[in-house]
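*Asks:* Predicted model, plus sequence, below.
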Amino acid sequence: MLSPADFIVSEINAGIFMLDREYRVLLWNRFMAHHSGLESEAAIGRNLFELFPELPQKWLVKKIDSVFVLKNFAFTSWEQRPYLFRFQHNRPITGGIDYMRQNFTFMPMRDESGEVEAVVVTLLDATDSAIYQTMMQGAMQKLEESSNRDGLTGVFNRRYIDARIFDEIQRIQRYQAVPFSVVLLDLDHFKRINDTYGHLAGDEVLREVARRVQPGLREPDVFGRYGGEEFILILPQTDIEGARAAAERIRFAIGSETIVSGDEHIAVTASLGVAEFAPPFATAAEVTQAADEALYQSKHAGRNRVSVYVAQQSKVG
Ligand SMILES: Nc1nc2c(ncn2[C@@H]2O[C@H](COP(=O)(O)OP(=O)(O)OP(=O)(O)O)[C@@H](O)[C@H]2O)c(=O)[nH]1
């Protein structure tokens, strides 16, 4: 008949094992046997690192030795080191967690003279916390991501774009980096498109325009919807001539083919305004205002064109 203490050690839903100074197993409870596939008769008397060559030996030896020498408890959590033993967990939803996450406590077992004769190790299954945390992080990331996106087109929204312009300005001011340019893009006679083909077709046109712009962008470029039928691009490390060329490519990509919505073929063009963030500009508002003035020039000059803002006065390009 087992003593109550032995019964608890055997049956508890946590790993318990004990090691001597040579890392030989002195005790191996049922949880350890069940998860490792190694019965206690097969484990006892054997060196832990021979039984489990995958253990991080150097690190674990240091940990165990510190308990022998300092005679203090030691701990390790799954957040520092996800697991020591490669144990399966049986959760149906894993959140990408492969092996059982494990928290360990290392306890010194003293003899009558106060010397540590063995180290007792407990293993707690922390998989549920790990899955919960991973899923929470994933959800937070998705939330963060979707709060930066425009619901209709999926491109970045104004809030995000404004923050990115702010970042770019800071980067330039801090590192005297090469300036960036801003391109504002407004669809021509969009009200007429809505009125002629309906609001749903109008929405489809906005989505398709967003699709047509994206292949022409470079990796650092940021593209978003700035409002109704207005889009914006931030082109880092791009001077006004580079930005004008990019804007022309985009204008062509939008207007070169009609957009199909149901049975309708809708001709769409865009007017664009380009401005470079350079002195005397010091704020996001000033550079976007300049791009807006250039855009106004494009509209005024007949639409379906690119205009560039040139210091103090805008000039049709
Ligand atoms: N379908 C649809 N229409 C929108 C959306 N947001 C804004 N609009 C419409 O876009 C139209 C913009 O019209 P205006 O600002 O008069 O400009 P425009 O007709 O494009 O004319 P110009 O810019 O001068 O070439 C308005 O009719 C808005 O209702 C949207 O999300 N979906």
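*Replies:* Happy to help now that I have it.
*Asks:* Can you pull the domain assignment for this protein?
*Replies:* As given by automatic domain parsing, the domain ranges for the chain are 4-134, 148-316.
*Asks:* looking at these, which is buried most?
*Replies:* Most buried of those, by mean neighbour count (mean count of other Cβ atoms under 10 Å): domain 148-316, with a mean of 18. Yep, even glycine has a C-beta here, placed from its N, CA and C like the rest.
*Asks:* ok, now how distant is residue 206 from residue 127?
*Replies:* 45 Å (Cβ to Cβ, to the nearest Å).
*Asks:* swap that for residue 216, please
*Replies:* 46 Å.
*Asks:* do the same with residue 297
*Replies:* For residue 297, the distance to residue 127 - Cβ to Cβ - is 62 Å.
*Asks:* Could you do residue 259 as well?
*Replies:* Distance from residue 259 to residue 127, counting by Cβ to Cβ: 50 Å.
*Asks:* can you map out the helices along the stretch 1-150 of the chain?
*Replies:* Applying DSSP state H, counting those that start in this stretch to the stretch 1-150 of the chain gives helices spanning 4-11, 30-36, 40-43, 48-51, 57-70, 127-147.
*Asks:* Would you mind putting those into TSV with distance to residue 227 alongside?
*Replies:* Compiled in TSV, those are given as follows (distance: least, Cβ to Cβ, whole Å):
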stretch	distance to residue 227
helix 4-11	65
helix 30-36	58
helix 40-43	68
helix 48-51	64
helix 57-70	56
helix 127-147	17
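*Asks:* of all those, which lies closest to residue 113?
*Replies:* Among the helices of the stretch 1-150 of the chain, the nearest to residue 113 by Cβ to Cβ is helix 57-70 (14.0 Å).
*Asks:* Tell me which other helices or strands the closest one touches.
*Replies:* strand 74-76, strand 102-110, strand 116-125 (3 or more Cβ pairs under 8 Å, 6 or more residues apart in numbering; DSSP states H and E).
*Asks:* Next, the angle from the last one to helix 57-70.
*Replies:* Computed with axes from the mean of the first three to the mean of the last three Cα atoms, to 10 degrees, the direction of strand 116-125 lies at 130 degrees from that of helix 57-70.
*Asks:* and strand 116-125, which strands flank it?
*Replies:* strand 15-19 (antiparallel), strand 102-110 (antiparallel) (DSSP bridges).
*Asks:* So which of the ones you listed is nearest the ligand?
*Replies:* Nearest to the ligand among the strands paired with strand 116-125 is strand 102-110 (51.0 Å), distances taken as Cβ to the nearest ligand atom.
*Asks:* tilt between the closest one and helix 127-147?
*Replies:* 140 degrees.
*Asks:* where does the protein dip in pLDDT?
*Replies:* Scanning the chain with the threshold set as pLDDT under 70 gives 312-317.
*Asks:* in its sheet, what does the helix or strand that contains residue 308 sit against?
*Replies:* Secondary structure assignment for residue 308, by DSSP states H and E: strand 306-310. Using DSSP bridges, the strands paired with strand 306-310 are strand 270-276 (parallel), strand 313-316 (antiparallel).
*Asks:* and it, is it in reach of the ligand?
*Replies:* No: between strand 306-310 and the ligand, judged by Cβ under 6 Å from any ligand atom, nothing touches; the nearest distance is 13.8 Å.
*Asks:* May I see the strands paired with strand 116-125 organised as CSV, with distance to the ligand added?
*Replies:* Listed next are the strands paired with strand 116-125 as CSV, based on distance: least, Cβ to the nearest ligand atom, whole Å:
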stretch, distance to the ligand
strand 15-19, 58
strand 102-110, 51
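*Asks:* Turn those into a markdown table, columns for distance to residue 53.
*Replies:* Formatted as a markdown table, those follow (distance: least, Cβ to Cβ, whole Å):
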| stretch | distance to residue 53 |
| --- | --- |
| strand 15-19 | 16 |
| strand 102-110 | 18 |
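*Asks:* The ligand contacts on this structure?
*Replies:* 152, 186-192, 194, 199, 202-203, 206, 228-229, 299, 303.
*Asks:* try 5 Å
*Replies:* 188-191, 194, 199, 202-203, 228-229 (Cβ under 5 Å from any ligand atom).
*Asks:* Ends of stretch 149-156, what's the gap?
*Replies:* End-to-end distance of stretch 149-156 (Cα to Cα, to the nearest Å): 4 Å.
*Asks:* List the contacts of it.
*Replies:* By Cβ atoms under 8 Å, 6 or more residues apart in numbering, the residues outside stretch 149-156 that reach it are 148, 157, 160, 164, 203, 206-207, 209-210, 214, 222-225, 231.
*Asks:* how about the residues you listed, which pair is most distant?
*Replies:* 164 and 203, at 25.0 Å, using Cβ to Cβ across the contacts of stretch 149-156.
*Asks:* Now residue 219: phi and psi?
*Replies:* Listed backbone geometry of residue 219 is phi -50, psi -50, with angles given as degrees, to the nearest 10.
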